[in-house]
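Participant: turn this into a model:
(3 chains)
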Amino acid sequence: MQRYAINILFGTAAIVLVALAQAGILDKYVLTVITFMGINCIFAVSLNLVNGHMGEFSCGHGGFMCVGAYVGSLLSVAFFTNSKLFGPALFAPELAHFLFPLVLVGASFAAALFGLIVALPSFHTRDDYLAIITIAANYIIISIVENIDAIGGPRGFSGMKRVVNSMSDAADLPWMLIWTIIGLFVCVMALYRLMTSTYGKGISAVCQNEVAAEIMGVNTNRVKIMAFMVSSGLAGLAGALYAHVYGYVNAQSFNILKSTEGLVMVYLGGMGSISGVLLAAIAFTLLIEGLRFIIPWLNDVLHAANLLPASYELSQVWKWVIIPLILILLMQFRPEGFLGNRELTHVFPRLKRWITFR
Amino acid sequence: MELFLQQCVNALQWGSFYALIALGYTLVYGVLRLINFAHGDIFMVGAYIAFFLSTAFMAPDGLFNFSREFTLALTIPLTIILTSLVGVTLERIAYRPLMRKGAHRLYVVITALMCGLVLENGNLALLGASRKTLPVLLDRSVYFLGGITVTNLKLWVILAAMLVFSGLHFIVTKTRFGMAMRAVSWDKFALPLMGIPLDSVIVFTFILGSGVAGLGGMLFAMSYPVLEPYMGVMTGWKAFIAAVVGGIGDIRGAFVGGFLLAFVEIMVAAFLPSTFRDLFAFSILLLILWQRPTGIFGKPLTNKI
Amino acid sequence: MPLLEITGLTQRFGGLQAISNFSFQLEDHELVGLIGPNGAGKTTVFNIVSGFYKPTEGDIVFGGDRINGLKPYQVTAMGIARTFQNIRLWNDLTVLDNIRLARYSWLNYGFWSAVLRLNRYRQAEKAVETKARDVLEMVELSEYAEELPKNLPYGLQRRVELARALAVNPKLLLLDEPAAGLNSTDVDGLVRHIRWIYDECKISIWMIEHQMKVVMSLCQRLVVMNFGCSIAWGTPEEIRENPDVIKAYLGDETL
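Facilitator: Now for the predicted structure:
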């Protein structure tokens, strides 16, 4: 029982969160921030599989999120709504809250397939050359989406709000929060279990010494395909959730900047540390949202202290100056990220008694 | 055919910008194995420095009120010097301490990305979103060669890229500093033991790379006089891609890669709907990398057991 | 029938002929040494046998099956394991994990079993764990199971590599300079271990080694290579007297 203490704690926290949202104690803004935190967590840990555990430098992860977002949106619009694009709904909209996992799974599989764009060249290419291939993949995916006029092209695609609404109509619950929590749980569980199995440790072996891995019996090409597909598939899951929380997708929201955010979270948390990356994703989301309030406050304080000329207002643009500066400083103090390549349970061995993923 | 030749001239001009930025990427990479993702923004900084210098020099009621020709002659070297100072500063305060601590090389890369964000957003925050326009520094004259029109500025840009390339090639292959630069890329630890000052070599590399990017930024601002803080982002990423396709670490590769990328982009945009530009350009690059996994001039990766 | 039979092996890298017409036979349960001056192509032969290079010409037959052109992991699965001249361990995985990974070819479960922790996964992992512990026991490394290899002294790292190769259940063990960089106490221990493995596991061992002490005390037969060709073979005593070998090592004194 003791071994499940933290698992139960997390479970209760999730239920309490949903209950608070249901009771209307958390306002819409806080709820959205929490949901995005979860989505960022999924996005970051999935990238961590390739950039942390496998040691490649994939900087086009946003592209796979884009595939997931679009495929997820298209599926859910086709399944649950009458639309010009797909005609009448495939399933009754009342079933949306039961069949929504189908959408998520479909989006993940589609994104995983696109992961092959990167996985196949990775047989021959490594390091910075592979980094380029990932950037190119990111651009190519966005460009493909923008050139398909049927799904809105550069104008974006919407209609998912109706699906979310029909879920709430069927049962009045904060559905997107629930799906995000479930998605995050599935994602972390899957990655943790993968990376503790001998099968998944093949990924670490490829990272640490590819020649030895190849010669000692690890089918490195299969490992790479597996890692890239799992990683991009989970990014697709994050994308599908993102699309439904927003109710609108646009290819440009998954450009190289989104990928950069993912990179920041992974390297801030520590390459190859699932718990570290989760912490970093949470901290990063909080930082972004927190600055939204801190900047106006800072503006008032500085004006009051006459440190700023009266004509100059500290705008939200400063957010993207302050965040990178903070990150640069953090990197100087912890050049291996929050946890390095260790997990929280390695840093605090006592935690092991309280948590289990088996 | 005429259209094709005309596009070739345009591609040469674009390629010159890509090549000028890619050269900086490749120089730094060749020495430190560091992808200096802030490099595109250093290009932007170069354009802004050129803007501030030339407007200050030419302001009729200002301190200097120089003539146009004199301003041009003065702005070019000053831009190069000031931009290289920015590059060296980044190396000094952000990259060097991190590398000293023995951080994983990707952490330095992320720091570089962050430095780039600081530069572009800091610029936006300080100078505002209003677009700046570089004053005209060079009279525009148009030459007609058959059906092709060429402006003198285009010729200058292409010529500048060629000159910079030959100069860098000379420095890297023929001078003692160039030899030291190549030596650093082989073995960073043996270098100080041989009595070569590692830090000076690195600083020199950053000076060269950023100076060239500053020149590129100035020429870009002269050709397309509207400046904005994010102008270096896309150009920077693409120049990096060009450098890798050419074979990163090899300056011939950066040069050829820059022109190749520009050529593909311009031709796709000229003969296909322009929305396909990125799609085709990047797919072609993927194919090139598929066939030559380490770029055109890159040495094949070898796994020695 | 010989366990390993190499006929007319030739390897070219671009214009460089690294191996030319190399032939060799290794019987079941035999301990053979491969010696020669630096750059003679010894490691290249090992790389070809373990599937890392595809030979330009020639045949490699292992246990009756032609294995040239197979991928390294397929060769390993057939029962050829090797160690490396410069140690290649997975330094951020524990010693136990290093050994477990050598059983990768025998994992009969995939991604979904691992993630869903199916019964098949549990059984396979249990088998892998037992095997890994056994091997560690065998080379007297059990107490280091949870250590990271990078924190171990050099001699122990060599032994971990040996253990990892043994975990494959090899029929043929290729040792690439196992004594390189060891001090004389470690070398004695290594010789003891190799002899013990050879006697207990009834496997064949083919080793590259420069230290004559090791070669002379272990090998029943030696092959000498120079410039990619085999120039001599025979018992250690015969090799010691062979004029061609002396010439290869010491140079032609008549010149």
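
Participant: show me where chain C dips below the pLDDT cut-off.
Facilitator: Low-confidence regions of chain C, defined by pLDDT under 70, span residues C:251-255.

Participant: what sits against the spatially most central residue of it?
Facilitator: For chain C, the residue nearest the mean C-alpha position is residue C:174 (1.9 Å; C-alpha atoms, centre = their mean). Counting by C-beta atoms under 8 Å, 6 or more residues apart in numbering or on different chains, residue C:174 touches C:46, C:49-50, C:80-83, C:206-207. (C-beta placed from N, C-alpha, C; glycine too.)

Participant: distance check, it against chain B.
Facilitator: Counting by C-beta to the nearest C-beta, to the nearest Å, the separation of residue C:174 from chain B is 11 Å.

Participant: run the chain-centre distance for the helix or strand hosting that residue.
Facilitator: Assigning secondary structure by DSSP states H and E places residue C:174 in strand C:172-176. On the basis of C-alpha atoms, centre = their mean, to the nearest Å, strand C:172-176 sits 2 Å off its chain's mean C-alpha point.

Participant: just stretch C:183-194 next, same as before
Facilitator: The offset between the C-alpha centroid of stretch C:183-194 and the centroid of the whole chain comes to 17 Å, using C-alpha atoms, centre = their mean.

Participant: then stretch A:248-264?
Facilitator: Relative to the mean C-alpha coordinate of its chain, stretch A:248-264 is positioned 10 Å out (C-alpha atoms, centre = their mean).

Participant: then stretch A:261-268?
Facilitator: The gap between where stretch A:261-268 is centred and where its chain is centred comes out at 11 Å by C-alpha atoms, centre = their mean.

Participant: how about residues contacting it?
Facilitator: When contacts are taken as C-beta under 8 Å, 6+ apart, the neighbours of stretch A:261-268 outside the stretch itself are A:40, A:43-44, A:47-48, A:51-52, A:59, A:61-62, A:277, A:280-281, A:283-284, A:327, A:330-331, A:337-338, B:106-107, B:110, B:113-114.

Participant: for the stretch 101-250 of chain A, which segments count as strands?
Facilitator: Using DSSP state E, counting those that start in this stretch, the strands of the stretch 101-250 of chain A run over A:157-158, A:248-249.

Participant: circling back: okay, and which of the contacts of stretch A:261-268 map to helices?
Facilitator: Secondary structure assignment (DSSP state H) places A:40, A:43-44, A:47-48, A:61-62, A:277, A:280-281, A:283-284, A:327, A:330-331, B:106-107, B:110, B:113-114 from those within helices.

Participant: partner strands of the strand holding residue C:174 and their direction?
Facilitator: Looking at strand C:172-176 with DSSP bridges, its partner strands are strand C:80-82 (parallel), strand C:204-208 (parallel).

Participant: returning to what we had before: who does the residue nearest to the centre of chain C form a beta bridge with?
Facilitator: As for beta bridges, residue C:174 partners with residue C:82, residue C:206 under DSSP bridges.

Participant: which residues are in contact with stretch C:197-207?
Facilitator: Counting contacts by C-beta under 8 Å, 6+ apart, the residues touching stretch C:197-207 from outside are C:3-4, C:26-34, C:138, C:162, C:166, C:170-176, C:178, C:194, C:215, C:218-219.

Participant: can you tell me which of the residues you listed are buried?
Facilitator: By neighbour count, with 16 or more other C-beta atoms under 10 Å in any protein chain shown, these hold C:3-4, C:26, C:30-34, C:138, C:162, C:166, C:170-176, C:178, C:194, C:215, C:218-219 as buried.

Participant: what residues does the stretch 51-200 of chain A put near chain B?
Facilitator: By the rule C-beta under 8 Å from any C-beta of the partner chain, the part of the stretch 51-200 of chain A lying against chain B is A:51, A:57, A:117, A:121, A:124-126, A:128-129, A:131-133, A:135-137, A:139-140, A:142-144, A:146-147, A:153-154.

Participant: select only the buried ones of those residues in ChimeraX?
Facilitator: Selecting just the buried residues from these in ChimeraX takes one command, with 16+ other C-beta under 10 Å as the test:
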select /A:51,57,117,121,124,125,126,128,129,131,132,133,135,136,137,139,140,142,143,144,146
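
Participant: among the residues of the stretch 51-200 of chain A next to chain B, which lie within helices?
Facilitator: With helices defined by DSSP H, the entries of these inside them are A:117, A:128-129, A:131-133, A:135-137, A:139-140, A:142-144, A:146-147.

Participant: between these, which is nearest chain C?
Facilitator: Of all these, residue A:117 has the smallest distance to chain C: 19.5 Å, by C-beta to the nearest C-beta.

Participant: list the contacts of the closest one.
Facilitator: Residue A:117 neighbours (C-beta under 8 Å, 6+ apart): A:133, A:137, A:140, B:286.

Participant: same check, this time on residue B:118
Facilitator: Under the criterion of C-beta under 8 Å, 6+ apart, the contact partners of residue B:118 comprise A:321, A:324-325, A:328.

Participant: among the residues you listed, which two are most distant?
Facilitator: The two members of these with the most space between them (C-beta to C-beta) are A:321 and A:328, at 10.9 Å.

Participant: flag every residue of chain C that's near chain A.
Facilitator: C:50-52, C:71-73, C:76-77, C:81-82, C:84, C:88-93, C:97, C:100-105, C:107, C:109-111, C:114-115, C:117, C:121, C:124-125, C:128, C:164-165, C:168.

Participant: now the buried members of those.
Facilitator: When the residues of chain C next to chain A are checked for burial by 16+ other C-beta under 10 Å, the buried set is C:50-52, C:72-73, C:76-77, C:81-82, C:84, C:88-90, C:92-93, C:97, C:100-105, C:107, C:109, C:111, C:114-115, C:117, C:121, C:124-125, C:128, C:164-165, C:168.

Participant: where does the chain dip in pLDDT?
Facilitator: Went with chain A since none was named. Within chain A, the set of residues satisfying pLDDT under 70 comprises A:1, A:357-358.

Participant: try again with chain B
Facilitator: Low-confidence segments of chain B, defined by pLDDT under 70, span residues B:301-305.

Participant: smallest distance to chain B belongs to which residue of chain A?
Facilitator: Ranking the residues of chain A by distance to chain B (C-beta to the nearest C-beta) places residue A:335 first, at 3.3 Å.

Participant: nearest spatial neighbour of that residue, skipping sequence neighbours?
Facilitator: Using C-beta to C-beta, 6 or more residues apart in numbering or on different chains and skipping residues adjacent in sequence, the residue nearest residue A:335 is residue B:103, 3.3 Å away.

Participant: same question, residue B:112
Facilitator: The spatial neighbour of residue B:112 that comes closest, neighbours along the chain excluded (C-beta to C-beta, 6+ apart), is residue B:37 at 4.3 Å.

Participant: what's the answer for residue A:166, then?
Facilitator: Using C-beta to C-beta, 6+ apart and skipping residues adjacent in sequence, the residue nearest residue A:166 is residue A:93, 3.9 Å away.

Participant: now residue B:278: which helix or strand?
Facilitator: Here residue B:278 is covered by helix B:277-291, with elements defined by DSSP H and E.

Participant: buried set for that helix?
Facilitator: Counting neighbours by 16+ other C-beta under 10 Å, helix B:277-291 gives B:277-286, B:288-289 as buried.

Participant: and what of stretch C:184-194?
Facilitator: Counting neighbours by 16+ other C-beta under 10 Å, one finds that the buried residues in stretch C:184-194 are C:186-187, C:190-191, C:193-194.
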